[in-house]
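> I would like the atomic coordinates for the input below:
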Amino acid sequence: MKEYYEILRELREDRDLSQKDIAAMLGTTQQVYSRYEKGINEMPIHHLRRLCQYYGVSADYVLGLGRQKK
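Now for the predicted structure:
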């Protein structure tokens, strides 16, 4: 299972966006956003929510909480 920060990086790269582009949309710096994508800092819920809206995906998708087999 992928970590949420790996999924965020893939979503960004699939759209040919830079970390600076996403950081600007979130109102933060590229350095702070880079730390989210590396898994160094946990992303605040309000940033997660904003990214889900921006990418058109659910938080469950980003967090890897899709349907799991028991």
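
> and Lys38, what pLDDT?
With respect to pLDDT, Lys38 has a value of 96.

> who's in contact with it?
Tyr5 (C-beta atoms under 8 Å, 6 or more residues apart in numbering). Where you see a C-beta, it was placed from the backbone N, CA and C, and this is true even at glycine.

> do the same with Glu3
Glu3 touches 39, 64, counting by C-beta under 8 Å, 6+ apart.

> what are the phi and psi values for it?
Per-residue torsions, Glu3: phi -80, psi 160 (degrees, to the nearest 10).

> Does anything pack onto the helix or strand encompassing Gln53? Which helices or strands?
Element membership for Gln53, per DSSP states H and E: helix 45-55. Helices and strands touching helix 45-55, by 3 or more C-beta pairs under 8 Å, 6 or more residues apart in numbering; DSSP states H and E, are helix 4-14, helix 19-26, helix 59-63.

> Spatially nearest residue to the residue nearest the centre of the chain (excluding sequence neighbours)?
Geometric centre of the chain, nearest residue: Leu8, 3.2 Å, by C-alpha atoms, centre = their mean. Distances taken as C-beta to C-beta, 6 or more residues apart in numbering place Glu37 nearest to Leu8, at 5.8 Å, with adjacent residues excluded.

> picking up where we left off before, which of the helices and strands packed on helix 45-55 sits closest to Arg50?
Checking the helices and strands packed on helix 45-55 against Arg50 by C-beta to C-beta gives helix 19-26 as the closest, at 6.0 Å.

> Please save the CA atoms from the closest one in PDB.
Backbone C-alpha positions of helix 19-26 (Å, rounded to 0.1, in the frame of the first residue of the first chain) are rendered in PDB as follows:
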ATOM      1  CA  GLN A  19       5.800  21.700  -5.900                       C
ATOM      2  CA  LYS A  20       5.900  25.500  -6.100                       C
ATOM      3  CA  ASP A  21       2.500  25.500  -8.000                       C
ATOM      4  CA  ILE A  22       0.800  23.400  -5.300                       C
ATOM      5  CA  ALA A  23       2.400  25.300  -2.500                       C
ATOM      6  CA  ALA A  24       1.100  28.600  -3.900                       C
ATOM      7  CA  MET A  25      -2.400  27.100  -4.200                       C
ATOM      8  CA  LEU A  26      -2.200  26.000  -0.600                       C
END
